[in-house]
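[1] just to be clear, the model below is a prediction. Sequence and coordinates:
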Amino acid sequence: MRLKSLIVAAALLAALPSYPQQEALRAITLENSEAYMKFLSSDDLEGRRTGSEGNNLAAEYIKAEALKLGVRPLPGQDDLFQELRYIKTSIVPGESRITFSDSCSGHIFSADIMPLMPPSDTVSLEGEVVFGGYGYVNSEEEYNDLAGISLKDKIVVIMTRIPEIFGSGMPAPGSGISEMTEVRKLSMIMLLQARAIIFVADPALGNDISSDLLSMGSPYQLTPLFRKQIFSFSLNVYAITTGTADQMLGGSGLTLRKLQDSIASSLKPVSFIIPNLRTNISVNVVRDTVTSNNIIGYVEGSDPVLKNEAVIFTAHYDHVGKDASGNIYNGANDNASGSVGLLNIASAFSSLRKKPARSAIFLWTTGEEEGLHGSTHYADNPPFPLEKTVAAINFDMIARSRQESDVGESLSGRIDITGPDTIRIIHGANCPELVTIATTACHESGIFPIDDGKGANFSGSDHYPFYRKKIPVVFFFTGLHKDYHKETDDYEFIDFDKLVRVSKAGFATGYRVAMQPDFNVK
């Protein structure tokens, strides 16, 4: 009995953080986390979108703070910045027009049109016009606004939201616009090869061009210059006012209100090709070359040999910026939280009097929201050898906890946000040892890990380019919440206690990998 007790006690002691770890963990504080977050999620940074001044300000701030903490440029580098260059295409204000021509009456009408997704080049397109109702398809209820009409090469006009009869659990007249619903409709019409899609607020919404509709839009588009484009395309997606839509329908003797009422009373679609009508859409754009930067630094290891290997910690600092109506998306959880986590972890490594055997690299990426640009650029142009990079530990959305309103779906899928004492761990199957280390570190830090394996979000964050290069990865993630990619992802909803604990778990994970000479030895 005594021997068994001693074995259990020894196992518990082995699981506890070592003294150097405990010393370093004290450097991760609530006060620092709040200060970092306050700046990175402020309106002054205008949502930190790649290619914006706010993004550049965030990069300069992170660089300055990292240098204060003792993070230094990688060997052979003289700066923490790794530059990415883009072509930025912006809409010229006041130079987006739609013109309708009725071949029967000779009537010509022209009005402003709002591009929701900036084209990659100047637009001049024309075609027949289809009124597509709500653009809604519900196969279970045998309702299909898009049936019986070829949309190929047509300009398709659809109302926002869905018919009132299908309103249970989804937006209906009298409620707001669901971005998820509109994106699904958009995707369906794109698959049917429409030339352009025009949204108009349904009359029951009570708005003209709704701010919810404009929140789907973006003021500019970025085309990367640092890698070859696999494909290039423009989405011709626009919004018009209800008044413009009624002018468009004038030759048919109908109005949006009459069409909406007809759907509500008959429970049937009323989609049709608008007779005798041709439409021209013109959009003028301006192009500039802009830059954005990854921020890369390291804390050198202490072992003469193993210091030439490294654990890399990653988090993106960019977000989605502003929408077409100027609302700022501060991205406090996505991903100021991960950026703060990396500053916390850098602080812990720098505070160690004796550094771990391996080096620790810190990579704050840009362009994640544009398509993992920063992490992919690093992995394709590594300033530190990938064959010497033993693990990648990623932090993306690590500081929100479930609230009563976190139900249903977000733009990227089902809301699955964790509680205040839990965090999701996403990983590949190529290194169970790393998962075990991360799981232990979470428990020691007072947070319960939910093992999601590859999960639904495996390819959606900055660990993925490293995984593709055969590097073991683990990704800390709260899960999706109701404010994901909305202007309400703000400082006031951050769980700072959780942020501190996840930062500590991330540090402990990386520290142990850095200290373990035979880590992942096959």
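    That came through fine.

[2] can you map out the helices along this structure?
    With DSSP state H as the criterion, the chain has helices at 2-15, 19-25, 30-40, 53-68, 179-191, 211-214, 242-249, 256-266, 337-351, 373-380, 432-444, 464-468, 496-515.

[3] can you redo those as CSV with distance to Val285?
    Heads up, the C-betas are built off the backbone N, CA and C, glycines and all. Below are the helices of the chain laid out as CSV (distance: least, Cβ to Cβ, whole Å):
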stretch, distance to Val285
helix 2-15, 59
helix 19-25, 50
helix 30-40, 30
helix 53-68, 20
helix 179-191, 21
helix 211-214, 18
helix 242-249, 21
helix 256-266, 29
helix 337-351, 31
helix 373-380, 21
helix 432-444, 46
helix 464-468, 30
helix 496-515, 40
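
[4] and those helices, which is most packed in?
    Comparing the helices of the chain by mean neighbour count (mean count of other Cβ atoms under 10 Å), helix 337-351 comes out on top with a mean of 27.

[5] tell me what that helix is packed against?
    helix 19-25, helix 30-40, helix 53-68, strand 272-299, strand 310-316, strand 359-365, strand 389-395, helix 496-515 (3 or more Cβ pairs under 8 Å, 6 or more residues apart in numbering; DSSP states H and E).

[6] can you show me the CA trace of it as CSV?
    Extracted as CSV, the C-alpha positions of helix 337-351 are listed here (Å, rounded to 0.1, in the frame of the first residue of the first chain):
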residue,chain,number,x,y,z
SER,A,337,-6.9,37.4,-28.4
GLY,A,338,-4.5,35.1,-30.1
SER,A,339,-2.1,38.0,-30.7
VAL,A,340,-2.3,38.9,-27.0
GLY,A,341,-1.7,35.2,-26.2
LEU,A,342,1.6,35.3,-28.2
LEU,A,343,2.8,38.4,-26.5
ASN,A,344,2.0,36.7,-23.2
ILE,A,345,4.0,33.6,-24.2
ALA,A,346,6.9,35.7,-25.5
SER,A,347,7.0,37.5,-22.1
ALA,A,348,7.1,34.1,-20.3
PHE,A,349,10.0,32.8,-22.4
SER,A,350,11.9,36.0,-22.1
SER,A,351,11.6,36.0,-18.3
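
[7] dump the helices and strands packed on helix 337-351 to TSV, plus mean pLDDT and distance to Arg97.
    Output for those, formatted as TSV (pLDDT from 0 to 100; distance: least, Cβ to Cβ, whole Å):
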stretch	mean pLDDT	distance to Arg97
helix 19-25	82	60
helix 30-40	99	39
helix 53-68	99	29
strand 272-299	96	5
strand 310-316	99	37
strand 359-365	99	39
strand 389-395	98	45
helix 496-515	98	48
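
[8] any idea how far Leu40 is from Gly206?
    36 Å (Cβ to Cβ, to the nearest Å).

[9] same check, this time on Leu235
    Taking Cβ to Cβ, one finds Leu235 at 27 Å from Gly206.

[10] repeat for Lys68
    Taking Cβ to Cβ, one finds Lys68 at 51 Å from Gly206.

[11] re the thing from before, who has more neighbours out of Leu235 and Gly206?
    Using other Cβ atoms under 10 Å as the criterion, Leu235 and Gly206 rank with Leu235 on top: 16 against 10.

[12] so which residue is smack in the middle of the protein?
    Glu369 (4.5 Å; Cα atoms, centre = their mean).

[13] if I pick that residue, what's in contact with it?
    By Cβ atoms under 8 Å, 6 or more residues apart in numbering, the residues touching Glu369 are Arg49, Thr50, His316, Asp318, His319, Val320.

[14] apart from its neighbours in sequence, what residue is nearest Gly94?
    Using Cβ to Cβ, 6 or more residues apart in numbering and skipping the chain neighbours, the partner closest in space to Gly94 is Asp112 (7.8 Å).

[15] which residues does Tyr298 contact?
    Val71, Arg72, Pro73, Leu74, Ala310, Ser359, Ala360, Ile361, Phe362, Phe384.

[16] and Pro171, what's its pLDDT?
    Pro171 is assigned 42 on the pLDDT scale.

[17] repeat for Ser234
    66.

[18] now swap in Leu13 and tell me
    In this prediction Leu13 is given a pLDDT of 38.

[19] returning to what we had before: tell me which of the contacts of Glu369 is nearest to Leu25?
    Within the contacts of Glu369, the smallest distance to Leu25 is 24.6 Å, found for His316 (Cβ to Cβ).

[20] who does the closest one bridge with?
    Thr365 (DSSP bridges).

[21] can you start the count at 37 instead of 1 from here on
    Done: numbering now begins at 37, and the last item shifts to His352.

[22] how many neighbours does the nearest residue to Gly287 once chain neighbours are set aside have?
    Excluding its sequence neighbours, the residue lying closest to Gly287 (Cβ to Cβ, 6+ apart) is Asp138, at 4.7 Å. For Asp138, the neighbour count with other Cβ under 10 Å is 18.

[23] my read: Asp138 touches Leu313, true?
    Yes - Asp138 lies in contact with Leu313 (Cβ atoms under 8 Å); the separation is 5.8 Å.

[24] list residues touching both of those two?
    Gly287.

[25] dump stretch 455-463 to CSV, restricted to CA.
    The C-alpha trace of stretch 455-463 is given here as CSV (Å, rounded to 0.1, in the frame of the first residue of the first chain):
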residue,chain,number,x,y,z
GLY,A,455,-17.6,27.6,-21.5
PRO,A,456,-15.2,29.6,-19.2
ASP,A,457,-13.2,26.5,-18.1
THR,A,458,-12.9,24.8,-21.5
ILE,A,459,-10.9,25.2,-24.7
ARG,A,460,-10.9,23.2,-28.0
ILE,A,461,-7.7,21.5,-29.1
ILE,A,462,-7.6,20.8,-32.9
HIS,A,463,-4.7,18.8,-34.3
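
[26] contacts for it?
    Stretch 455-463 is contacted from outside by 434, 437-438, 452, 454, 470-471, 474-475, 478, 482-491, 493-494, 499, 508-515, 531, 533-534, 538, 541, using Cβ under 8 Å, 6+ apart.
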